[in-house]
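Engineer: Mind folding the following:
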Amino acid sequence: MRITALETVRLPPYDNILWVRLHTDAGLIGLGETFRGAAAVEAQLHAEVAPRLIGADPSRIDAIAHELTRPYVGFRSSGAEMRAASAVDIALWDIAGQALGRPIVDLLGGATRAAIATYNTCAGYAYNARGGRRTVAEGDAAAGPHDDQIAFTRDAGALALSLKEMGIGAMKIWPFDAHAAATAGQMIRPGEIDRALAPFRQIRDAVGASMQVMVELHSLWDGPAALAVARAMRPFDPFWMEDPLKMADPQALADYRWMSGLPVCASKTLATRSQCLDLLRADAVDYVMLDIGWCGGLTEAKKIATLAEAHQRPVAPHDCTGPVVFAASTHLALNLPNAVFMESVRAYWSGWYRDLVTALPPVERGMITVPPGPGLGLALQPDVLARGRTRTTTEKDL
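Structural biologist: Below is the predicted model of the structure:
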């Protein structure tokens, strides 16, 4: 079998998402996805990746991953080169699963569990994929029943009860973000801390300790401000503090972890096992988060997870992006013995994800599994291909 064409698909208003379809001479089409900087990644795929990929045997996943994740520049970052490699890698695993008639989880080594617990990232329908904001304005109106970013800003207790009714026992919120811009993350004032603590008080008042709460800090803070936030959060017993600092200095993160006394999760923004190894060697992290659309794909993610397992650290795949990465990450999470949670956004999987793909990982009573079928178990909806902007490179174009 040979790869005959590389096709990219973009569909407004989902401007941050880029889909990759790898066509083969056997008629199989593998689907991949990445996120952010879609135009730059698309250019990288057609100019640099397609000439290396077209004519190749798609079953040589490790060999292709080795070549694409080690370009002359961009080899140790989550930039356009790595995001392009990540999308291609997911598509290669999809082809392999289709060719063998098996789901990707089986090819990764088989399932270690039938389903995995999810936590709900409390984002809104337009968050991220459509260029949505990380903060909510006073006049913003909810776009639907699961516009959870507005919900945690206005009544996090009611939101926690709503999640509990669905069987979801963990949630992630980011009320400190709104106060970072004023000082570029260098300082947070007592009054700002008090206002940001309101959702945590509401959650504990509504559901007590039955809800695990993750705190997302989006790498917005310098060390002193991040520690001020941590001191204020201690009474609320957060499950983890996610990306409290910029992921530039593993030792600074290790110092934060030691001084805060709180569990640290990091970092979806890093790529390759070498960057994650730096965090593990520095004893800077309790939970290793990876995004398969940024870190190098399923191939690299599996290796990152094995490094974490050797350091006795759980992993938690990131998903606040698109439906293909969501599905591929769920395949990975079912395989990994050290996966602790699979992130999901109910505004996404109950809403616009369904307009884009033919199937989704089922979510029932707070547990996620993979859709039935070989490979990913899904494809882009025909309507996406009909309405989307597509670009294709074939052998005759090279």
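Engineer: got a pLDDT number for V357?
Structural biologist: If you check V357, the pLDDT there is 98.
Engineer: before we move on, which element is L159 in?
Structural biologist: Element membership for L159, per DSSP states H and E: helix 148-165.
Engineer: Counting by contacts, list what that helix packs against.
Structural biologist: Judged by 3 or more C-beta pairs under 8 Å, 6 or more residues apart in numbering; DSSP states H and E, the packing partners of helix 148-165 are strand 170-173, helix 190-207, helix 346-347. In this view, the C-beta of every residue, glycine as well, is placed from N, C-alpha and C.
Engineer: Okay, buried residues for the helix or strand just after the last one please.
Structural biologist: Toward the C-terminal end, the helix or strand that comes next after helix 346-347 (DSSP H and E) is helix 353-356. Residues of helix 353-356 classed as buried: Y353, L356 (neighbour count, 16 or more other C-beta atoms under 10 Å).
Engineer: Flag the shaky bits of the stretch 101-250 of the chain, pLDDT-wise.
Structural biologist: By pLDDT under 70, the weakly predicted segments of the stretch 101-250 of the chain are 129-135, 137.
Engineer: if we can go back for a sec, out of the helices and strands packed on helix 148-165, the one nearest V20 is which?
Structural biologist: helix 346-347 (24.9 Å; C-beta to C-beta).
Engineer: ok and the helix holding L159 relative to helix 190-207, angle-wise?
Structural biologist: 30 degrees (axes from the mean of the first three to the mean of the last three C-alpha atoms, to 10 degrees).
Engineer: ok, D283 touching A254?
Structural biologist: Yes - with contact defined as C-beta atoms under 8 Å, D283 reaches A254; the gap is 5.5 Å.
Engineer: Overlap of the contact sets of the two?
Structural biologist: Shared contacts of D283 and A254 (C-beta atoms under 8 Å, 6 or more residues apart in numbering): none.
Engineer: what packs against whichever strand or helix holds Y256?
Structural biologist: Per DSSP H and E: Y256 is located in helix 250-260. Secondary-structure packing of helix 250-260 (3+ C-beta pairs under 8 Å, 6+ apart): helix 223-233, strand 264-266, helix 272-281.
Engineer: Please identify the buried residues of that helix?
Structural biologist: Buried residues in helix 250-260 (16+ other C-beta under 10 Å): P250, A252, L253, A254, D255, Y256, R257, S260.
Engineer: now the residues you listed as a markdown table including distance to A206?
Structural biologist: Converted to a markdown table, these look like this (distance: C-beta to C-beta, whole Å):
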| residue | distance to A206 |
| --- | --- |
| P250 | 37 |
| A252 | 35 |
| L253 | 32 |
| A254 | 35 |
| D255 | 35 |
| Y256 | 30 |
| R257 | 29 |
| S260 | 26 |
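Engineer: Closest one to L279 out of those, please.
Structural biologist: P250 (5.2 Å).
Engineer: can you tell me which residues contact that closest one?
Structural biologist: So P250 contacts D278, L279, R281, A282, A284 (C-beta under 8 Å, 6+ apart).
Engineer: State the distance from M342 to S210.
Structural biologist: Relative to S210, M342 is positioned 20 Å away (C-beta to C-beta, to the nearest Å).
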